[in-house]
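Chemist: next comes the sequence, and after it the predicted model I'd like to discuss.
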Amino acid sequence: MPHSAPIKLSYPPELPVSARRAEIALAIQANQVVIVSGETGSGKTTQIPKILLELGYGGGCAGEGPASESGRCEGPASESGPSGGRAEEDDRVGDADRRRPADRGGRDGRARRRMIAHTQPRRIAARSVAERVSQELGVALGTVVGYQVRFTDHSSPSTRLKVMTDGILLAQIQSDPLLAAYDAIIVDEAHERSLNIDFLLGYLSNLLPKRPDLKVVITSATIDSDLFAAHFGAAPDRPAPVVQVTGRTYPVEVRYRPPGEAGVPEDQPTAIAAAVRELLLEGDGDILVFCSGEREIRDAAEALAADLGAVPVAGPRALSPPAAGGLAPQAPAARTPAIPIELLPLYSRLSAADQHRVFEPHARRRIVLATNVAETSLTVPGVHYVIDPGTARISRYSKATKVQRLPI
């Protein structure tokens, strides 16, 4: 049986969590539940899993025997690679995973090691976090670090850290009520307070007395730390420890541009195009535009493509330079000619390949049109400017139609 790939544990010094890793590690060792409250950009999502790996979690066996000297769980000699590779449309993968007890091994019958579960509220966040952590550890995605989202399980029997959506972990409770497949669970972005997260936190609070060996780390950017600490405390007078991590802050200039302030009526796509024209003259750096949904992204992309003198785009593709006499601002004479601009949409229904384009290195200037997935779940690199129209889709129940709606 081949040995597991060696991992390289290092902590980027520029991340605030790296300076507090000793305190976080001591808190995890001494308590069953630890709450880490850190601002966006502090590095908690990518560094806390490495702290747990350094403490030895994700190394035991969940089923038929102890781990071997190579770090693998002993079992039948058959070998298989990561179980990813199927299209997301194949729902048989998700159904099979929900039916299979997590502590009985993979499809090849081999006992699986106990893992660290790292939950994310969105599929795109689960994939991007797994990719980032695997890069920092110097391992191939699907080996030591894997991920599972709906219809796709990209992990293997040697996986120690498994990033997943909170809905996937809830589904696994049906076949593994004690969550015996995991010796540590990280509930990330707990401040989102979705129905899945609330159910998961409630179930974990009842499970902890039955699993004294299970460690739970709850992380969030904005959270009522005292309330959570009291709920998960060992006693009324002994709340769970809270580790506060400050984020990296930068000076931000806020400009308010109400639509139609020049006396000409503007719809939202036109107002976004005007804001982009203003920011293109400010300097280098990518632009992130928040939209409330796919339709708004498409409308904004068509307005920007027309405004930049190019053919409207419906997906991520490069735009041509502004045509002569177009509405796009002309660069000053002292600057080099404008380079082509990429319009990249970012929303949850995009394919994984299209979503991954946002995180790839690039030489062209980009305008990323994203839904709220880019607010706290993701960090989009290279963004210097943000345009926020101030609209969002909020879940509301309609008494008239008796259905849940998402009005803007």
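Modeler: Nice, thanks for sending it over.

Chemist: how much space between the residue nearest to the spatial centre of the chain and residue 380?
Modeler: In the chain, the C-alpha nearest the mean C-alpha coordinate belongs to residue 125, at 2.1 Å (Cα atoms, centre = their mean). Using Cβ to Cβ, to the nearest Å, residue 125 is found at 12 Å from residue 380. Quick note: C-beta positions are derived from backbone N, CA and C, even for glycine.

Chemist: circling back to that earlier point, assumed the residue nearest to the centre of the chain was part of a helix.
Modeler: Yes - assessed with DSSP: H, G, I helix; E, B strand; the rest coil, residue 125 lies in a helix.

Chemist: was I right about it contacting residue 372?
Modeler: No - between residue 125 and residue 372 there is no contact under Cβ atoms under 8 Å: 11.4 Å.

Chemist: give me the local confidence score for the residue lying closest to residue 146 once chain neighbours are set aside.
Modeler: Nearest residue to residue 146, sequence neighbours excluded (Cβ to Cβ, 6 or more residues apart in numbering): residue 155, at 2.9 Å. pLDDT for residue 155: 90.

Chemist: what's the local residue count around residue 155?
Modeler: 28 (other Cβ atoms under 10 Å).

Chemist: swap in residue 390?
Modeler: Neighbours of residue 390 using other Cβ under 10 Å come to 10.

Chemist: and the gap between it and residue 290?
Modeler: Relative to residue 290, residue 390 is positioned 9 Å away (Cβ to Cβ).

Chemist: now do residue 398
Modeler: In terms of Cβ to Cβ, residue 398 sits 25 Å off from residue 290.

Chemist: who's more crowded, these two?
Modeler: Applying other Cβ under 10 Å to residue 398 and residue 290 shows that residue 290 carries more neighbours, namely 22 against 10.

Chemist: hang on, isn't the more buried one packed against residue 387?
Modeler: Yes - taking contacts as Cβ under 8 Å, residue 290 lies within contact range of residue 387: 7.0 Å.

Chemist: so, low pLDDT: which residues of the stretch 251-400 of the chain?
Modeler: For the stretch 251-400 of the chain, the stretches with pLDDT under 70 are 309-339, 374-378.

Chemist: the strands in it, which residues?
Modeler: 286-290, 317-318, 341-346, 365-370, 383-387, 396-398 (DSSP state E, counting those that start in this stretch).

Chemist: out of those, the one nearest residue 296 is which?
Modeler: Residue 296 sits nearest to strand 365-370 of all those, at 8.4 Å, using Cβ to Cβ.

Chemist: would you mind pulling the contact partners of that closest one?
Modeler: 276, 284-291, 297, 300-301, 304, 339, 341-347, 358, 374, 380, 382-383 (Cβ atoms under 8 Å, 6 or more residues apart in numbering).

Chemist: picking up where we left off before, tabulate the strands of the stretch 251-400 of the chain in a markdown table, adding columns for distance to residue 172.
Modeler: Converted to a markdown table, the strands of the stretch 251-400 of the chain look like this (distance: least, Cβ to Cβ, whole Å):
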| stretch | distance to residue 172 |
| --- | --- |
| strand 286-290 | 33 |
| strand 317-318 | 39 |
| strand 341-346 | 28 |
| strand 365-370 | 30 |
| strand 383-387 | 35 |
| strand 396-398 | 29 |
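
Chemist: in three-state terms, label residue 176 for me.
Modeler: Looking at residue 176 with three-state DSSP, the answer is coil.

Chemist: quick one: neighbours of it, just the number.
Modeler: When neighbours are counted by other Cβ under 10 Å, residue 176 registers 18.

Chemist: over to residue 23?
Modeler: A total of 12 residues lie near residue 23 under the criterion other Cβ under 10 Å.

Chemist: which residues in the stretch 101-250 of the chain form helices?
Modeler: 123-137, 166-172, 195-207, 225-231 (DSSP state H, counting those that start in this stretch).

Chemist: check the stretch 251-400 of the chain too.
Modeler: In the stretch 251-400 of the chain, the helices defined using DSSP H, counting those that start in this stretch lie at 268-280, 294-307, 352-356.

Chemist: so which of these is nearest residue 159?
Modeler: Closest to residue 159 of the helices of the stretch 251-400 of the chain is helix 352-356 (Cβ to Cβ; 18.5 Å).

Chemist: mind giving me the packing neighbours of the closest one?
Modeler: Here helix 352-356 touches helix 123-137, going by 3 or more Cβ pairs under 8 Å, 6 or more residues apart in numbering; DSSP states H and E.

Chemist: mind listing what's buried along the helix it packs on?
Modeler: 123-134, 136-137 (16 or more other Cβ atoms under 10 Å).

Chemist: report all helices and strands that it contacts.
Modeler: helix 44-54, strand 115-120, strand 145-149, strand 161-165, helix 352-356.

Chemist: what sits up against it?
Modeler: Residues contacting helix 123-137 (Cβ under 8 Å, 6+ apart): 7-10, 12, 45-46, 49-50, 53, 118, 120, 140-141, 143-150, 154, 161, 163-165, 188-189, 346, 348, 350, 352, 355-356, 359, 373, 377-378.

Chemist: among those, which ones are buried?
Modeler: Looks like the contacts of helix 123-137 have 7, 45-46, 49-50, 53, 118, 120, 141, 143-150, 154, 161, 163-165, 188-189, 346, 350, 355, 359, 373, 377-378 buried, using 16+ other Cβ under 10 Å.

Chemist: quick check: phi and psi on the residue lying closest to residue 393 once chain neighbours are set aside?
Modeler: The shortest distance from residue 393 to any non-neighbouring residue, by Cβ to Cβ, 6+ apart, is to residue 406 (4.2 Å). In terms of degrees, to the nearest 10, the main-chain angles of residue 406 are phi -120, psi 70.

Chemist: which residues does residue 406 contact?
Modeler: Residues near residue 406 by Cβ under 8 Å, 6+ apart: 293, 393, 394, 395, 396.
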